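Novice: quick one, fold the following:
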Amino acid sequence: MPTGEVFSERQLQDVARAIAGAETDTGLAFSVYVGSLGPNTRERALTLHDALGVEASRSVLVAVDPGLRQTEIVTGPDAKRFLDDHAAALGALAMTTQFNAGDLAGGLVNGLRTLGEHARHPQTLHLDQP
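Specialist: Take a look at the predicted model:
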């Protein structure tokens, strides 16, 4: 389904800002997919995550199938060092609470903020550079 059918322009901007904020706070790449995931939602989310190519290792994918009322969060191996399964579950809970109230965009925004907060990690300086 085209995003224009699901989200208003303002909602798209809100989600884009939440993605940018999570990326800035964490140094990870965040992606959102909203649409049909088919009968095996986890497998489809993993396939979508793999399609991110070289960025997949440091990426977090949030995949939502509104028709099935399913949410999948996939983290690459580098991203998983900063965003464990417990933190991902908290992000999913933040989303589904608002999804159940009929607010898909708001749920994504809150979920992305939660994921970004939990994946935040201190920046390190290279010791061999002045």
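
Novice: secondary structure element holding V74?
Specialist: According to DSSP states H and E, V74 maps onto strand 70-75.

Novice: for that strand, name the packing helices and strands.
Specialist: helix 41-50, strand 59-65, helix 85-100 (3 or more C-beta pairs under 8 Å, 6 or more residues apart in numbering; DSSP states H and E). C-beta coordinates here come from the backbone N, C-alpha and C atoms, glycine included.

Novice: can we see that at 10 Å?
Specialist: Contacts defined by 3 or more C-beta pairs under 10 Å, 6 or more residues apart in numbering; DSSP states H and E place strand 70-75 against strand 29-34, helix 41-50, strand 59-65, helix 85-100, helix 104-119.

Novice: got JSON lines for those, with distance to V6, mean pLDDT and mean neighbour count too?
Specialist: Shown next, in JSON lines, are the helices and strands packed on strand 70-75 (distance: least, C-beta to C-beta, whole Å; pLDDT from 0 to 100; neighbours: other C-beta atoms under 10 Å):
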{"stretch": "strand 29-34", "distance to V6": "6", "mean pLDDT": "96", "mean neighbour count": "18"}
{"stretch": "helix 41-50", "distance to V6": "17", "mean pLDDT": "97", "mean neighbour count": "16"}
{"stretch": "strand 59-65", "distance to V6": "10", "mean pLDDT": "97", "mean neighbour count": "24"}
{"stretch": "helix 85-100", "distance to V6": "12", "mean pLDDT": "93", "mean neighbour count": "17"}
{"stretch": "helix 104-119", "distance to V6": "7", "mean pLDDT": "95", "mean neighbour count": "22"}
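
Novice: so which of these is nearest D78?
Specialist: strand 59-65 (8.5 Å; C-beta to C-beta).

Novice: got the angle for the closest one vs helix 104-119?
Specialist: 150 degrees (axes from the mean of the first three to the mean of the last three C-alpha atoms, to 10 degrees).

Novice: given strand 59-65, what are its sheet partners and their directions?
Specialist: When sheet partners are counted by DSSP bridges, strand 59-65 sits next to strand 29-34 (parallel), strand 70-75 (antiparallel).

Novice: need those in JSON lines with distance to E43, can you?
Specialist: Converted to JSON lines, these look like this (distance: least, C-beta to C-beta, whole Å):
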{"stretch": "strand 29-34", "distance to E43": "14"}
{"stretch": "strand 70-75", "distance to E43": "9"}
